[in-house]
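Enquirer: The following block contains a protein sequence and its predicted model.
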Amino acid sequence: YKPVLLGQNLKFDIGFLQHMAKYCGVELKKHLDGGIDFYGNNDADQVDRFGYIYCLATDVSDGSEDGRMDFMTSKDGTETTTMSLKSGNVGIGSAVPSSPLVITKDHSGVGGTYGMLTLTNTSMSATYGSEIRFQHSPANTTYQSAIRAVGSDPGGGHGGKLGFLVANSGNALNSRMHVT
């Protein structure tokens, strides 16, 4: 290989990159993938990569190009895909999300109970809680139904209830069932 020095204010396009790759004796892929690395020092003062963002082409067919963006992090010294964005879908723990939000976690071999999704409202009370609302369409700003978790102990105890709500003709959400 031949060394090449690129200045900090040098402007170039893909044709330039192809020419430079040929000059250096390396093969340049038809499509370029890219990423951003995040490095830091561990407690032994060694430089380690703690995370990176990586973009890649998954389909390079003219007119139907697709790509994916992966967010990688280190867990116990191993780089893992933490989140992926692909074709309008988000995968947390999944590099191939097949719906708008996919959350995947393998808890095999680990004792205890772990939540897959946590919703927190810091002012949780018998009146206010965490809520998942279901909307008919982005153009319609009213909600047709909801699932709400509220605290049943105003003294801050561990009691709680899960409520299922639906909208009436006035579009207000009304409780139809509670589980305590």
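Expert: Sure thing, it's come through.

Enquirer: Check the separation of the first and last residues in stretch 90-97.
Expert: Its start and end residues considered, stretch 90-97 measures 6 Å (CA to CA, to the nearest Å).

Enquirer: Name the residues that touch that stretch?
Expert: Contacting residues not belonging to stretch 90-97 are listed as 68, 70, 81-86, 89, 100-105 [CB atoms under 8 Å, 6 or more residues apart in numbering]. Every residue, glycine included, has its C-beta placed from N, CA and C.

Enquirer: Pull out the buried positions in that stretch.
Expert: Of the residues in stretch 90-97, those buried under the neighbour-count criterion (16 or more other CB atoms under 10 Å) are 91-94, 97.

Enquirer: Which of those residues fall within strands?
Expert: The strands in this structure, assigned by DSSP state E, contain 91-92 from these.

Enquirer: Now for the buried residues of stretch 90-97: which two are most distant?
Expert: Distances among these were taken as CB to CB; the most separated pair is Gly93 and Pro97, at 9.7 Å.

Enquirer: now the contacts of stretch 90-97: which count as buried?
Expert: Members of the contacts of stretch 90-97 that pass the buried threshold by neighbour count (16+ other CB under 10 Å) are listed as 68, 70, 83-86, 89, 102.

Enquirer: Can you show me the helices along this protein?
Expert: With helices called from DSSP state H, the chain shows them at 14-24.

Enquirer: If you average pLDDT per helix and strand, which one of it comes out bottom?
Expert: Comparing helices and strands within the chain by mean pLDDT, DSSP states H and E singles out helix 14-24 as the least confident, with a mean of 66.

Enquirer: hmm, back to that, output the buried residues of stretch 90-97 as CSV; include the columns distance to Phe164 and pLDDT.
Expert: Supplementary listing: those in CSV, determined by distance: CB to CB, whole Å; pLDDT from 0 to 100:
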residue, distance to Phe164, pLDDT
Gly91, 28, 90
Ile92, 26, 89
Gly93, 28, 84
Ser94, 28, 83
Pro97, 27, 85
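
Enquirer: want to throw the buried residues of stretch 90-97 into TSV with distance to Phe38?
Expert: Formatted as TSV, those follow (distance: CB to CB, whole Å):
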residue	distance to Phe38
Gly91	20
Ile92	19
Gly93	20
Ser94	22
Pro97	23
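
Enquirer: Low-confidence bits of the protein, can you list those?
Expert: Within the chain, the stretches with pLDDT under 70 are 1-21, 25-32, 109-116, 124-128, 137-138, 140-141, 152-159, 170.
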